[in-house]
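Chemist: following is a predicted model, sequence given first.
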Amino acid sequence: MQAERFKSRVPWKDGFSGNLTVFCSDERFVMATLEFLRRHLEIDRCDLMVVAGGPAFIPQNETALLERLDLLLKAHEIKQVVLIAHDDCGYYKHQHKGLSPQMLKEKQRQDLLAALEAIKAKGVQARAFFAFVDGGDIVFEEVK
Ligand SMILES: [Zn+2]
């Protein structure tokens, strides 16, 4: 009996683009985020670090994830990092129970800016965006 197989139509391309994107695993934003990267930032290929809370682990100094981030930066010669946080993030709601939606948003903004500075301090270009829903559309706004 043969094991099930699937052959992708995506052609294999070796090498790394030097791009890395960090965002939250929340499925409600995943496809829109990939579209944003491709169509707006014109990033066709990039490494991904997709984890609950997205870039929150950077200002929180979570060693295990920071070690993996640093590994990617070095091994894949990352030159540009895109950090994306999003509205109504379950991770933030869980981590900061009792904060109003407005205070949560402010906390995320501060964390994004801290993550941005931390990446830049490693000598890598970085941009940060906040995604939110506006009238049924998912919108990405730069934070700086
Ligand atoms: Zn989230």
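Modeler: Yes, it's here.
Chemist: ok, stretch 78-86 near the ion or not?
Modeler: No. Stretch 78-86 stays clear of the ion (Cβ under 5 Å from the ion), getting no nearer than 5.5 Å. (C-beta placed from N, C-alpha, C; glycine too.)
Chemist: distance check, Lys97 against Met1.
Modeler: 51 Å (Cβ to Cβ, to the nearest Å).
Chemist: comparing these two, which shows the higher neighbour count?
Modeler: Taking neighbours as other Cβ atoms under 10 Å, Lys97 and Met1 compare with Lys97 leading, 7 against 3.
Chemist: show me what the lengthiest helix in the chain is packed up against.
Modeler: Assignment by DSSP state H gives helix 101-121 as the longest helix of the chain. When contacts are defined as 3 or more Cβ pairs under 8 Å, 6 or more residues apart in numbering; DSSP states H and E, helix 101-121 packs onto strand 80-86, helix 90-95, strand 125-134, strand 137-143.
Chemist: would you mind listing what in the protein touches the ion?
Modeler: Residues of the chain lying near the ion (Cβ under 5 Å from the ion): 24, 26, 89, 91.
Chemist: and if we set it to 6 Å?
Modeler: Neighbours of the ion within the chain, by Cβ under 6 Å from the ion: 24, 26, 53, 86, 89-91.
Chemist: residues contacting Phe140?
Modeler: 32-33, 36, 40, 84, 129-131 (Cβ atoms under 8 Å, 6 or more residues apart in numbering).
Chemist: quick one on the thing from earlier: among the helices and strands packed on helix 101-121, which is nearest Leu116?
Modeler: Closest to Leu116 of the helices and strands packed on helix 101-121, according to Cβ to Cβ: strand 125-134, at 4.7 Å.
Chemist: okay, now the sheet partners of the closest one, with direction.
Modeler: strand 80-86 (parallel), strand 137-143 (antiparallel) (DSSP bridges).
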